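S.K.: Sequence and predicted structure below; questions after.
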Number of protein chains: 2
Amino acid sequence: MEKTLGLHILADLYGVDFEKIDHVEDVRALLEGAVKYAGLSKLSSHFHQFHPHGATGVILLEESHISIHTWPEHGYAAIDVYTCGGKEKTFKAMEYILKVLKPKRVDEKVAERGVVPVNEATTNIEKIELETV
Amino acid sequence: MEKTLGLHILADLYGVDFEKIDHVEDVRALLEGAVKYAGLSKLSSHFHQFHPHGATGVILLEESHISIHTWPEHGYAAIDVYTCGGKEKTFKAMEYILKVLKPKRVDEKVAERGVVPVNEATTNIEKIELETV
């Protein structure tokens, strides 16, 4: 038997309003909002303002990460939502981002990350992890 | 005319030695080494130790980001190298990581991120950016 450890959505958003993705504080609020909406668990968040335009940032999660890089001069934002917290949370986080940014077009790819065998040894490790939560 | 803003390599590494990916300081040194080897420009780096096993981390770059999430109990590491600094740097960073971790098997996907039209307006913006460097 096998299981998949993570789900990774890569989304290229086109036709996004310049003002929505130019300032780091808006971009930070967007990702923080997505994490909250999806019920993901934040470890830490890190953002940077570029000049003259655009911002970049990542939130490290218990479940992996969510990141954004923006080129407002092209109306473009690159979003990654990569989580190991179940598919539902991954799609909810992306749904929130799309609702806020309202891109005219989205190019979305979904990748399964980490297909590993389920054997007795890994089952035991998972049990230990659950007990320590 | 069109141009592609970024190149993103997603690599799933299997059969990695437990000890190489269990401790956050080794994982940090790995990504810092990859950034240096590839000639990428670090903005900031952020790492976290999981218990009982594994680590997670990201380095934000002028050129986007490089991240790692490890499951040493599965001999598995998920690597993302996403850069806008030219294809050569992207592949060099991944080359470094594979040399250090020596996985038995790699599942690698390459995605082009952000295909935008090249017009006079964007050309002017790029000129301005170059002048401010």
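M.R.: Perfect, thanks for sending it.
S.K.: beta partners for A:Val58?
M.R.: Beta-bridge partners for A:Val58, by DSSP bridges, are A:His46, A:Ser67.
S.K.: Quick check: which ranges of chain A have low pLDDT?
M.R.: Within chain A, the segments meeting pLDDT under 70 span A:120-133.
S.K.: Helices of that one, residue ranges please.
M.R.: Remark: helices assigned in chain A by DSSP state H are A:18-22, A:24-38, A:87-101, A:120-132.
S.K.: In PDB, please show the C-alpha coordinates belonging to the third one.
M.R.: The reference is to helix A:87-101. Taking C-alpha atoms only, helix A:87-101 is exported to PDB below (Å, rounded to 0.1, in the frame of the first residue of the first chain):
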ATOM      1  CA  LYS A  87      -6.700  18.100   0.100                       C
ATOM      2  CA  GLU A  88      -9.700  20.200   1.400                       C
ATOM      3  CA  LYS A  89      -7.400  22.700   3.100                       C
ATOM      4  CA  THR A  90      -5.200  23.100   0.100                       C
ATOM      5  CA  PHE A  91      -8.100  23.900  -2.200                       C
ATOM      6  CA  LYS A  92      -9.700  26.200   0.400                       C
ATOM      7  CA  ALA A  93      -6.600  28.300   0.700                       C
ATOM      8  CA  MET A  94      -6.400  28.700  -3.100                       C
ATOM      9  CA  GLU A  95     -10.100  29.400  -3.300                       C
ATOM     10  CA  TYR A  96      -9.600  32.300  -0.800                       C
ATOM     11  CA  ILE A  97      -6.800  33.800  -2.800                       C
ATOM     12  CA  LEU A  98      -8.700  33.700  -6.100                       C
ATOM     13  CA  LYS A  99     -11.700  35.300  -4.500                       C
ATOM     14  CA  VAL A 100      -9.600  38.200  -3.200                       C
ATOM     15  CA  LEU A 101      -7.400  38.700  -6.300                       C
END
